[in-house]
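Student: Following is a predicted model, sequence given first.
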Amino acid sequence: MRNTFTTKFLLVLALFVGQFTFASDSDEKTEEHGKDLKTEIKEYITHHLQDSHDFSLFSYTDENGEHKYIGFPLPVILWDEGLKVFSSSKFHHGETLAEVDGNYYKLYHSKIYKTDAEGTINYDEEHHATNIKPIDFSITKNVVMIIITGLLMLWLFTSLAKSYAKNGSIPTGAGRFFEPIILYIRDDIARPNIGEKRYNKYMPFLLTVFFFIWFLNIFGLTPLGVNVTGNIAVTVSLALITFLITNFTGTKDYWKHQFDPLGDSLPWYGKILLYIILVPIELLGLIIKPFSLLIRLYANMQAGHIVLMSLIGLMFIFKSWLGSPLSFGLAFAISLIEVLVALLQAYIFTMLSALYFGFASEEHEHEHEHEAELSH
Amino acid sequence: MEKLLEEFSLGLFFWQTLLFLLLFFLLWRFAWKPILKAVSDREDGIKDALAAAEDAKKEMQNVTADSEKLLKEARGERETMLKEAREIKEKMIADAKEQAQVEGNKMMKQAQAAIESEKKAAVADIKAQVANLSVDIAEKVIKEELSDKKKQLKLVDDMLGDIKLN
């Protein structure tokens, strides 16, 4: 059954590849237009992956060739020799300059640059804009999504907390779905990794970070078109908090282990040579751990969005009876996988955070056990 | 790496950190704390209930064991009481028999003694009557005999002869 399905699938794939190569060979005339579409899709994807200063759901080109955006503008907050607050509608999606208190600002590749009255952007040799970038504290699309997610979480979990008091320790409604997840994080992530004695201290952070990442990942798959967890600033912030909690709750043993990893197993004169290499590695490990967290989450979500959007874009590039449905099917399959990845990445981030907290709050007896195991 | 740095937005970082920490503390205070407390309370409740059920079961077993023991004891006691009663009965019967025998013997002896003394008295009475009668008879006989001198003398002789013979 499965084999015949695979064969059919391969056959369809072969046909589709054939069609594709045939189409690209023969249609010399549409080449120009196709390239346009390709670059447009590419730009669209790049634009989507970035944060934006207005909340637009989609855009279209009307009969006059004018770009119309459906959505609403967001407040722009700049620090440029004083606080400047104005609506992002002034930019007209990067088409016009915004004039505030005699200064001109231009939205260029989703970044705000300070320009002269004509809006000229100066470039260096590598085609990077050299204009002054004022510090941008705008309420962007991602910030709006973070606020929405935060409010959703507050509403969901405070009502779950209240339902216990009302209903005699039994959750109601959505709580029935979320309570097992909370219990899973407690019993299968926090307890085994941190230990029975100390896990309670870290539970609020683990729960918050898990649901925060999961909800934002899921929002990223909706047609809202947000990419919050695939934004490096967001993952840096999350990983930084994990890093700070790890090191501020670290026990004496943890710090001793950082600077004296071999302990009493070697005399001091033996350690000196080893420690010239070992201690920097251990200290580097402190940074690498949260760094791997932030890169993993960022790269996974970013990659998921790129793959999904590229497949959707393929539908418009193929414009054939076979290619478009096939890429639709692929996009559908990938989006199902992305739902799984959304949960998985939240789980991995939480799991690894718990693991690092576990290392940091390790107890002395445990350390000795570990050493005993090593010496065997 | 350069692309990453270029993509990094300080504003978003600022808002993310601020909002996340705010969310974290609000959820900690108003959601996770009560939720985790409610859940662990419930678990403790279940644990306690199970332990209580186990205790009740043990107690029940103890109670049944106790009552069985009591029943056994009562049965044993009844047995011993019955045994004792039987023994007492037997002893009483035996005692009564013995006493009756003793009493009977005593009465028999008394009766025998009475009979003996009665017999003695009767014999003595008879003896006295016989003596009186014989005296009376002898008187009459003598009176008659002595009416004649010759006979008197003869009698004296006979009597004297008798005495010698005695």
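Tutor: Yes, it's here. Numbers count the residues shown, from 1 in each chain, chains lettered A, B, ... in the order given.
Student: Quick check: residues of chain B near chain A?
Tutor: Selection of chain B residues close to chain A by CB under 8 Å from any CB of the partner chain yields B:4, B:6-17, B:19-24, B:26-28, B:30-36, B:38-39, B:41-42, B:45. Using the backbone N, CA and C atoms, a C-beta is placed for each residue, glycine as well.
Student: Mind doing that once more with 6 Å?
Tutor: B:4, B:7-9, B:11-13, B:15-17, B:19, B:23-24, B:26-28, B:30-32, B:34-35, B:38, B:42 (CB under 6 Å from any CB of the partner chain).
Student: close to chain B, is stretch A:60-74?
Tutor: No - residues of stretch A:60-74 are not located near chain B by CB under 6 Å from any CB, the shortest gap being 11.7 Å.
Student: Between the two ends of that stretch, what distance do you get?
Tutor: Criterion CA to CA, to the nearest Å; first-to-last residue distance in stretch A:60-74 is 20 Å.
Student: just to revisit the earlier point, can you flag the buried ones in the residues of chain B next to chain A?
Tutor: B:7, B:9, B:11-13, B:15-17, B:19, B:23-24, B:26-27, B:31-32, B:34-35, B:38 (16 or more other CB atoms under 10 Å in any protein chain shown).
Student: Which of those residues fall within helices?
Tutor: B:7, B:11-13, B:15-17, B:19, B:23-24, B:26-27, B:34-35, B:38 (DSSP state H).
Student: To be precise, which single item in those residues has the lowest pLDDT?
Tutor: Within those, pLDDT reaches its minimum at B:E7, with 77.
Student: ok, that one - contacts?
Tutor: Applying CB atoms under 6 Å, 6 or more residues apart in numbering or on different chains, we find B:E7 in contact with A:I232.
Student: Work out for me the element A:K162 sits within.
Tutor: Secondary structure from DSSP states H and E places A:K162 in helix A:141-166.
Student: Ignore what I typed, I meant A:V76.
Tutor: With DSSP H and E as the test, A:V76 turns up in strand A:75-79.
Student: swap in B:I115?
Tutor: In this assignment (DSSP H and E), B:I115 forms part of helix B:33-145.
Student: Show the pLDDT at B:M1.
Tutor: You'll see B:M1 listed with a pLDDT of 68.
Student: Any regions of the stretch 51-200 of chain A where pLDDT drops low?
Tutor: Within the stretch 51-200 of chain A, the set of residues satisfying pLDDT under 70 is empty.
Student: So which residues on it come close to chain B?
Tutor: Taking CB under 6 Å from any CB as the measure of proximity, the stretch 51-200 of chain A contacts chain B at A:51, A:136-138, A:142-143, A:146, A:150, A:154, A:157-158, A:160-161, A:164, A:169.
Student: Now list the buried members of those residues.
Tutor: Among those, those classed as buried by 16+ other CB under 10 Å are A:51, A:136-138, A:142-143, A:146, A:150, A:154, A:157-158, A:160-161, A:164.
Student: coming back round to it: got the contact list for the strand holding A:V76?
Tutor: For strand A:75-79, the external contacting residues (CB under 6 Å, 6+ apart) are A:H53, A:K84, A:V85, A:F86, A:S88, A:P134, A:I135, A:D136, A:F137, A:S138, A:I139.
Student: and the helix holding B:I115, what other elements does it pack with?
Tutor: Contacts defined by 3 or more CB pairs under 6 Å, 6 or more residues apart in numbering or on different chains; DSSP states H and E place helix B:33-145 against helix A:141-166.
Student: The helix it packs on vs strand A:75-79, what angle?
Tutor: Interaxial angle, helix A:141-166 versus strand A:75-79 (axes from the mean of the first three to the mean of the last three CA atoms, to 10 degrees): 110 degrees.
Student: can you give me how far helix A:141-166 is from the chain middle?
Tutor: Chain-centre distance of helix A:141-166: 20 Å, with CA atoms, centre = their mean, to the nearest Å.
Student: Helix B:33-145 and that one, what's the angle between them?
Tutor: 10 degrees.
Student: which secondary structure elements does helix A:141-166 contact?
Tutor: For helix A:141-166, the packing partners by 3+ CB pairs under 6 Å, 6+ apart are helix A:199-221, helix B:10-27, helix B:33-145.
Student: Could you look over those helices and pick the most buried one?
Tutor: helix A:199-221 (a mean of 22; mean count of other CB atoms under 10 Å in any protein chain shown).
Student: re earlier: now for the residues of the stretch 51-200 of chain A next to chain B, which pair is the farthest apart?
Tutor: Using CB to CB, these span at most 47.5 Å, a distance reached by A:D136 and A:S169.
Student: Narrow the contacts of strand A:75-79 to those in strands?
Tutor: A:K84, A:V85, A:F86, A:I135, A:D136 (DSSP state E).
Student: Would you quantify the distance from A:H47 to A:G94?
Tutor: Using CB to CB, to the nearest Å, A:H47 is found at 10 Å from A:G94.
Student: Just want to know which of those two has more residues nearby.
Tutor: Set A:H47 next to A:G94 and count neighbours by other CB atoms under 10 Å in any protein chain shown: A:G94 wins out with 18 against 14.
Student: pretty sure the more buried one is touching A:Y105, no?
Tutor: No - contact between A:G94 and A:Y105 fails when scored by CB atoms under 6 Å: they sit 10.8 Å apart.
Student: neighbours around A:K271, how many?
Tutor: A:K271 sits with 17 neighbouring residues when counted by other CB under 10 Å.
Student: So is the helix or strand hosting it next to chain B?
Tutor: Assigned by DSSP H and E, A:K271 falls within helix A:268-318. No - Helix A:268-318 stays clear of chain B (CB under 6 Å from any CB), getting no nearer than 8.1 Å.
Student: do the same with stretch A:244-252
Tutor: No - using CB under 6 Å from any CB, no contact is recorded between stretch A:244-252 and chain B, whose separation bottoms out at 10.2 Å.
Student: before we move on, what about stretch A:220-237?
Tutor: Yes - residues of stretch A:220-237 contacting chain B under CB under 6 Å from any CB: A:I232, A:A233, A:V234, A:S237.
Student: In three-state terms, label A:P261 for me.
Tutor: What DSSP: H, G, I helix; E, B strand; the rest coil gives for A:P261 is coil.
Student: Would you enumerate the residues in contact with it?
Tutor: Taking CB under 6 Å, 6+ apart, we find A:P261 in contact with A:L278, A:E282.
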